[in-house]
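Asks: I'll drop the sequence and a predicted model, then ask my questions.
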Amino acid sequence: AARHISPHGERTPERRHDYTDSDETDREARAMTPTAHRRVAGDGWQRQLLAAAGCALVGVLFRLPGSALPVQVGTIGLGVGLLGASFLLAWAADAGEAVFSGGLVLAVIALVTVLPEFVIEVHFAYTQQTELVTANLTGATRLLLTGATALPLAVAVVARRRGQVAASFRLAASRRLELGVLLLASIFAIQIVIRGSIAIADGIILIALYVLYARRVQGTPEEEPAVLGVPAGLLSLPPSYRRPVIAGLIVAAAAVVVAVANPFAEALLATGTSLGIDPYFLVQSVVPVATEAPEFVIVAVLVANRRPAQGLALFLAASVSQWTLALGALPFAYLAGGGSVSMALSGNEQVEVALTIAVTLFAVAALASLRPHVADAGLITGVLAIQFIYPTAFVHVASTFVVLVFALDLFFDRRRGIRPLFRTVFARQRRPG
């Protein structure tokens with residue numbers, strides 16, 4: 001979910017997370033605005049919550065030992081369970097940001113939002129399946145960043161369906177934090193592609209970058225919390241039940257994800273093998289669709305409610321977790337599973353990571369001005385659609401070159417917006433009082 005920082009990375013007394021009880025109550029009240037109350041009228045959100053819980057339960061049942069179902073059926077059942085648990089996690093995390101305070105708590109919530117992808121990626125590294133270790137990470141990251149950059153197209157489509165002219169929107173200055181971290185992480189990853197391996201030292205630096213990001217994350221009173229639908233329904237519960245229900249939902253959904261994510265990935269690979277589909281392409285294209293579906297649904301609701309900037313912020317925050325925490329954890333999982341201190345990447349993986357770097361640089365350059373443009377959205381959507389339809393090494397290399405050239409052109413054109421990104425990430429925070 002979206003997280004915020006002051007434009008200059010400064011900590012001010014009214015924006016800290018060490019709230020008193022009354023401050024937390026006020027913050028929850030701000031999350032439940034009159035508009036939000038209208039959106040949770042009735043029991044629609046409860047039906048959605050129960051439907052997702054039912055899907056999660058299906059996955060748990062398929063996970064039970066002794067199941068003799070065909071692998072294709074098992075893949076569908078586990079996938080349904082992972083999808084349901086992912087929705088529960090996303091909804092609970094969004095509501096949790098409005099009721100829980102403290103930088104550490106918010107950092108945990110940020111981890112929870114990418115838990116499905118994180119579990120699968122770490123599993124491949126731990127089991128020494130190095131040929132698949134970057135598949136889900138690159139697929140999920142490209143999907144998220146393409147969604148972020150292409151959001152103006154979605155806004156235009158929604159406006160046209162309503163018979164209106166699509167209005168431009170501007171990102172909050174606090175979004176420079178995510179853009180700055182993404183820029184640093186993608187530049188740092190260039191040397192990983194050149195070396196053809198990711199080492200423990202790389203993991204330490206990337207995780208440190210995530211810690212820096214987590215320490216910078218803080219709420220801003222000028223932005224209405226991005227709480228709609230089921231999260232808003234959770235916040236409408238009586239105060240005495242609100243926190244226990246949200247915390248319990250996070251724990252239960254996380255347990256389901258841990259239980260079904262890896263069996264789903266293995267079943268998917270077995271199904272793909274039986275159908276003659278390339279395992280890397282299968283994991284890269286199918287798994288992210290299931291694990292990132294909640295983010296796209298939440299963003300769609302935000303766009304429909306004329307809040308596209310907060311939807312874009314959701315994509316950026318999830319991308320930061322992928323580039324820093326998820327990628328940084330891979331060499332540690334590889335070492336824990338019996339590997340060395342450096343995990344080698346195959347030639348195909350180098351190409352895939354390089355394309356992801358190019359997409360990230362393009363997204364940062366396109367959004368550096370904080371004003372997304374439809375032209376940029378159309379370009380990145382078209383290029384990535386082509387490489388998805390024709391998933392060959394040549395097309396991916398050509399796509400990397402094309403996206404990188406346009407990214408460099410955008411960086412030069414919008415160079416005045418680049419320095420504030422670094423300033424937001426590294427500026428010294430002022431302590432109150």
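Replies: That came through fine.

Asks: mind listing the strands for the stretch 201-350 of the chain?
Replies: Ranges of strands in the stretch 201-350 of the chain, per DSSP state E, counting those that start in this stretch, are 342-344.

Asks: sketch out the low-pLDDT regions of the protein for me.
Replies: For the chain, applying pLDDT under 70 flags the ranges 1-43, 65-68, 101-110, 113, 157-160, 162-168, 218-227, 304-305, 428-433.

Asks: in it, which residue is most central in space?
Replies: The chain has Ala318 as the residue nearest its centroid, 2.2 Å off, counting by Cα atoms, centre = their mean.

Asks: show me what contacts the residue lying closest to that residue once chain neighbours are set aside?
Replies: Among residues not flanking Ala318 along the chain, Leu144 sits closest, at 5.2 Å (Cβ to Cβ, 6 or more residues apart in numbering). C-betas here are computed from N, CA, C, even on glycine. Leu144 makes contact with 292, 295, 315, 318-319, 322 under the criterion Cβ atoms under 8 Å, 6 or more residues apart in numbering.

Asks: what about 6 Å?
Replies: Contacts for Leu144 (Cβ atoms under 6 Å, 6 or more residues apart in numbering) come out as 315, 318-319.

Asks: closest to Ala259 among those?
Replies: Nearest to Ala259, judged by Cβ to Cβ, of the contacts of Leu144 is Ala318 at 22.1 Å.

Asks: measure the closest residue to Ala199 other than its chain neighbours to Tyr126 for me?
Replies: Distance criterion Cβ to Cβ, 6+ apart; nearest residue to Ala199, sequence neighbours excluded, is Ser342 at 4.2 Å. Distance, Ser342 to Tyr126, by Cβ to Cβ, to the nearest Å: 16 Å.

Asks: now swap in Leu137 and tell me
Replies: 14 Å.

Asks: of these two, who's got more company?
Replies: Leu137 (27 against 19; other Cβ atoms under 10 Å).

Asks: contacting residues for the more buried one?
Replies: 121, 326.

Asks: now do 10 Å
Replies: 117-118, 120-121, 124-125, 283-284, 288, 322-323, 326-327, 330, 349, 352-353, 356 (Cβ atoms under 10 Å, 6 or more residues apart in numbering).

Asks: check which helix or strand it maps to.
Replies: helix 135-149 (DSSP states H and E).

Asks: got the CA coordinates for that helix in PDB?
Replies: Only the C-alpha atoms of helix 135-149 are listed here, as PDB (Å, rounded to 0.1, in the frame of the first residue of the first chain):
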ATOM      1  CA  ALA A 135      11.700 -15.800 -13.000                       C
ATOM      2  CA  ASN A 136       9.000 -14.600 -10.600                       C
ATOM      3  CA  LEU A 137      11.000 -11.600  -9.400                       C
ATOM      4  CA  THR A 138      11.500 -10.200 -12.900                       C
ATOM      5  CA  GLY A 139       8.000 -11.000 -14.000                       C
ATOM      6  CA  ALA A 140       6.400  -9.400 -10.900                       C
ATOM      7  CA  THR A 141       8.600  -6.300 -11.000                       C
ATOM      8  CA  ARG A 142       7.900  -5.700 -14.700                       C
ATOM      9  CA  LEU A 143       4.200  -6.300 -14.300                       C
ATOM     10  CA  LEU A 144       4.100  -3.800 -11.400                       C
ATOM     11  CA  LEU A 145       6.200  -1.100 -13.100                       C
ATOM     12  CA  THR A 146       4.300  -1.500 -16.400                       C
ATOM     13  CA  GLY A 147       1.100  -1.000 -14.400                       C
ATOM     14  CA  ALA A 148       2.500   2.100 -12.800                       C
ATOM     15  CA  THR A 149       3.700   3.600 -16.000                       C
END
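
Asks: buried set for it?
Replies: Residues of helix 135-149 classed as buried under the neighbour-count rule (16 or more other Cβ atoms under 10 Å) are 135-149.

Asks: for the residues you listed, which one is nearest Ile200?
Replies: Nearest member of the buried residues of helix 135-149 to Ile200, counting by Cβ to Cβ, is Leu137, at 17.4 Å.
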